[in-house]
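In: A predicted structure for the sequence below; I have some questions about it.
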Amino acid sequence: MRILRVAALSAIMTATILITGCSSKPASLDLDRVLDVTASTLETFESRAQSDYGYETDADYTKTDVAMQDFIKQLRTNLNRANPQIHADPIGVNLADDGSIHGYNDANNNGSKDSDEVELFKVEIDSEKNRLIASSENYVRDHRFSGTGLLAGFLLGNLLGRQRNAGINPKSLSSKTAMSRSSYKSARSRSGSGSHSRGK
């Protein structure tokens, strides 16, 4: 009887260790879908920015962060409403001082990155090659813009201004090489799609 109890206790402890281990790092998510939602949100937000915020010149756009914070809120909403679901847990979004956008596993859905919440992805702007770059773990994917129209808009203008102020060299971003779509899909299929919830 005692042996059975010890065996049961051992099994429970092993399961607890496995669950805890899984909860420490969420599964990777699909960077292509993150980029699609980010680009779509940028384009939609940019198209109504002037009417909603009353700005008339690019100089006006870069003087305020009100619209940028509204954009980040909208991006967070769009990432979490995407269908099919991008990530099992809620995704939080922060705008960094250097103009990069950071997504994190907002497990408690409080809209603030807590110390135990893991970063899921980072999105940066490559102004030299007209593209958004998303990176996560060892993966890098990109999304190209047609022409420079969006880059001249107030949203990306604000983000690029932050880049310059942070001293980031545009060439360091343009030199980043994205994985091909086929290589990326193959790598993700080997490591798991990232659609399963962890630590639940």
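Out: Okay, I see it.
In: need the residues that contact the lengthiest strand in the chain.
Out: Counting residues, the longest strand found in the chain (DSSP state E) is strand 119-126. For strand 119-126, contacts defined as Cβ atoms under 8 Å, 6 or more residues apart in numbering pick out 26, 28-29, 31, 34-35, 38, 87, 91, 99-105, 113, 131-136, 142, 151, 156, 159-160, 163, 170, 173-174, 176. For the C-beta atoms, the positions are set from N, CA and C on the backbone; glycine is no exception.
In: swap in 7 Å and give it another go.
Out: Identification of contacts with strand 119-126 by Cβ atoms under 7 Å, 6 or more residues apart in numbering yields 26, 29, 31, 34, 38, 87, 91, 99-105, 132-136, 156, 159-160, 163, 173-174.
In: over to stretch 68-77?
Out: By Cβ under 7 Å, 6+ apart, stretch 68-77 touches 38, 41, 45, 91, 92, 93, 95, 155, 158.
In: which stretches of the protein have low pLDDT?
Out: Within the chain, the stretches with pLDDT under 70 are 1-28, 50, 54-64, 147-152, 192-200.
In: please repeat the previous calculation with a cut-off of 80.
Out: Counting by pLDDT under 80, the chain has low-confidence residues at 1-28, 48-66, 146-154, 191-200.
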